[in-house]
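Participant: curious how this folds, go ahead:
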Amino acid sequence: MPSVTHDDAPLLADLMPWSVAPPRIGRGWPAAPDAASLKARWDALVEAAGPDREALFEPTRSRTLHSAVGQLPGQPSGTERLARAAGPCPEPVRVLAAPFDEQWLIPDQRLIDSARPELWRVADDHQVFAVETAEEGPGPLLLATSLLPVLHPGRIRPLYRRPGGREPNLAPGLLDHLGARLGLSPTPLDVLAWALAATRPGPAVPLTEDPGLWSRGVALGRRLLWLMRRDGDRPKLPGGRRPYVRAPLPPRPSTVGYDRDKECLRLDEGRIAPVPPGAWDFEAAGVRVLEEWFAARTAKAAPGTLAAVRPAAWPQPWTSELLELITVLALLAELRAEWSGLTSELTVTSPVTAAELRAAAVLPPPDSSRRPASVLDHHEEGPEGQFALI
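Facilitator: Take a look at the predicted model:
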């Protein structure tokens with residue numbers, strides 16, 4: 001049987017045509033691992049005046065205290081210029097700041113160099129964002145999240161082009177063509193699940209006409225999707241394998257390490273175990289996830305900056321988040337064999353190739369599918385309280 005090569009496997013960019021570059025915040029302080037620090041940073045900003053406020057803000061060519069910008073879609077922030085802003089901090093929202101690292105962001109376009117409003121317009125409980133990691137290392141090439149992603153450098157591909165899970169961001173005719181070849185009725189979420197399990201460097205997404213292989217790939221992808229999104233039931237390891245705090249974490253841990261023999265994560269004198277080697281070794285976007293997660297919470301900030309406003313001691317919620325992250329990475333590592341097996345099987349199965357999709361007029365997708373849909377479901381407040389027309 002013919003083999004699937006990178007040349008005849010469809011590109012993800014054609015299967016999910018609409019993509020958006022990741023938001024660019026432009027300054028570190030509007031995002032943090034805890035929401036309380038963000039509110040304290042905002043208070044410090046609006047309590048300062050004149051040159052002190054400007055220095056704290058850290059202006060760029062894209063944003064200064066005098067930039068006139070509107071609200072982010074769905075976010076009730078102020079719209080007056082920051083030079084005279086007052087009042088409470090806009091309520092922080094949860095975002096994906098790095099692979100598997102959920103943090104908080106002040107959702108105020110005045111603070112963000114390039115917020116990508118088109119992403120905010122389609123972010124809701126139905127949306128799933130696929131994020132390219134732009135790496136060919138041992139980690140996943142594609143991530144998925146229910147949170148708005150702000151991580152770099154990969155492009156972001158929403159599963160749906162409109163709020164409410166309407167108009168899938170898929171090449172027109174793709175679902176019908178796959179359904180006819182498979183004898184099944186694939187859904188948009190099935191296609192995304194398959195992509196999570198099957199994406200190769202390119203990124204390309206080998207497709208198959210084998211309904212059994214498709215079903216197994218979709219089942220694996222849905223498991224990956226559940227672990228990456230972390231919504232619904234929380235993931236757990238079986239009893240006896242669940243990580244626990246074995247020695248209390250210090251108030252301000254400064255180093256993280258791993259004892260492979262004891263399967264123990266060390267945060268200074270603190271100890272968490274058992275931590276499987278697969279969780280410690282898990283990489284995404286070319287970095288070890290646990291090390292990067294820890295660094296984001298302990299990296300030094302310049303004195304006198306808003307980024308230096310942070311918890312005085314390690315908050316208890318971070319420990320709970322770390323235990324869950326270890327669990328997620330351990331479960332993902334356990335899927336590597338199945339993941340690899342699917343990839344190997346795809347090299348000997350009858351493919352649905354890019355050439356076939358072009359012959360069926362599924363590819364290339366129309367130019368309009370690569371642009372955002374017109375979303376007019378609600379008014380958006382523009383600069384200085386004026387309503388914006390979109």
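Participant: all strands of the stretch 251-390 of the chain, in order?
Facilitator: Along the stretch 251-390 of the chain, the stretches classed as strands by DSSP state E, counting those that start in this stretch are 256-259, 264-267, 270-273, 283-284, 287-288, 351-352, 380-381, 387-388.
Participant: which of these comes out lowest on mean pLDDT?
Facilitator: Least confident of the strands of the stretch 251-390 of the chain, judged by mean pLDDT, is strand 387-388 with a mean of 52.
Participant: hang on, the earlier thing: and Thr133, which of the strands of the stretch 251-390 of the chain is closest to it?
Facilitator: Proximity to Thr133, assessed across these by C-beta to C-beta, is greatest for strand 283-284 (6.0 Å). Bear in mind the C-beta positions are built from the backbone N, C-alpha and C, glycine included.
Participant: quick one: low-confidence ranges for the stretch 151-300 of the chain?
Facilitator: The model of the stretch 151-300 of the chain has no residue with pLDDT under 70.
Participant: 90 instead?
Facilitator: Low-confidence segments of the stretch 151-300 of the chain, defined by pLDDT under 90: 152-154, 202, 230-234, 238-240, 285-286.
Participant: who's in contact with stretch 40-49?
Facilitator: Stretch 40-49 is contacted from outside by 29-30, 32, 53, 56-57, 82, 85-90, 106, 306-307, 309, using C-beta atoms under 8 Å, 6 or more residues apart in numbering.
Participant: any buried residues in that stretch, and which?
Facilitator: Along stretch 40-49, these residues count as buried under the neighbour rule (16 or more other C-beta atoms under 10 Å): Ala40, Arg41, Trp42, Ala44, Leu45, Val46.
Participant: which of these fall within strands?
Facilitator: With DSSP state E as the criterion, strands contain none of those.
Participant: now tabulate the residues you listed in a markdown table and tack on pLDDT and distance to Pro117.
Facilitator: As requested, these are exported to a markdown table (pLDDT from 0 to 100; distance: C-beta to C-beta, whole Å):
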| residue | pLDDT | distance to Pro117 |
| --- | --- | --- |
| Ala40 | 98 | 27 |
| Arg41 | 98 | 23 |
| Trp42 | 98 | 21 |
| Ala44 | 98 | 27 |
| Leu45 | 98 | 22 |
| Val46 | 97 | 24 |
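Participant: could I get those as a markdown table with distance to Met228?
Facilitator: Below are the buried residues of stretch 40-49 laid out as a markdown table (distance: C-beta to C-beta, whole Å):
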| residue | distance to Met228 |
| --- | --- |
| Ala40 | 31 |
| Arg41 | 29 |
| Trp42 | 30 |
| Ala44 | 35 |
| Leu45 | 34 |
| Val46 | 36 |
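Participant: show me which of the residues you listed is closest to Val245.
Facilitator: Ala40 (26.9 Å).
Participant: how close does the closest one sit to Glu118?
Facilitator: Using C-beta to C-beta, to the nearest Å, Ala40 is found at 31 Å from Glu118.
Participant: any chance you could map the helices in the chain?
Facilitator: Using DSSP state H, the helices of the chain run over residues 12-15, 35-47, 50-57, 117-122, 174-182, 188-198, 211-229, 277-281, 289-298, 316-334, 336-346, 354-359.
Participant: which of the buried residues of stretch 40-49 lies closest to Gly165?
Facilitator: Comparing the buried residues of stretch 40-49 against Gly165 with C-beta to C-beta places Trp42 closest, at 33.0 Å.
Participant: just say which of the strands of the stretch 251-390 of the chain is most tucked in.
Facilitator: Highest mean neighbour count of those: strand 351-352, a mean of 24 (counted as mean count of other C-beta atoms under 10 Å).
Participant: and the residue nearest to Pro315 when sequence neighbours are not counted, how far from Glu334?
Facilitator: With C-beta to C-beta, 6 or more residues apart in numbering as the criterion, Pro315 has its nearest non-adjacent residue at 6.0 Å, and that residue is Asp34. As for Asp34, its distance to Glu334 is 30 Å (criterion: C-beta to C-beta).
Participant: comparing the two, which residue is more hemmed in?
Facilitator: The neighbour comparison of Asp34 against Glu334 (other C-beta atoms under 10 Å) goes to Asp34, with 18 against 14.
Participant: so what's Asp124 up against?
Facilitator: With contact set as C-beta under 8 Å, 6+ apart, Asp124 has these partners: Pro163, Gly164.
Participant: and the pLDDT at it?
Facilitator: 96.
Participant: roughly how far does it sit from Pro73?
Facilitator: The gap separating Asp124 from Pro73 is 10 Å, by C-beta to C-beta.
Participant: follow-up on the earlier one: which of the helices of the chain sits closest to Ala98?
Facilitator: Smallest distance to Ala98 across the helices of the chain (C-beta to C-beta): 5.9 Å, for helix 289-298.
Participant: mind listing what's buried in the closest one?
Facilitator: Buried residues in helix 289-298, counted by 16+ other C-beta under 10 Å: Val289, Leu290, Glu292, Trp293, Phe294, Arg297.
Participant: and what of stretch 302-315?
Facilitator: Within stretch 302-315, the residues that count as buried by 16+ other C-beta under 10 Å are Thr305, Leu306, Ala307, Val309, Arg310, Pro311, Trp314, Pro315.
Participant: could you break the chain into its assigned domains?
Facilitator: 12-233+353-388, 244-339 (automatic domain parsing).
Participant: redo those as JSON lines? Include distance to Thr347.
Facilitator: Formatted as JSON lines, the domains of the chain follow (distance: least, C-beta to C-beta, whole Å):
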{"stretch": "domain 12-233+353-388", "distance to Thr347": "8"}
{"stretch": "domain 244-339", "distance to Thr347": "14"}
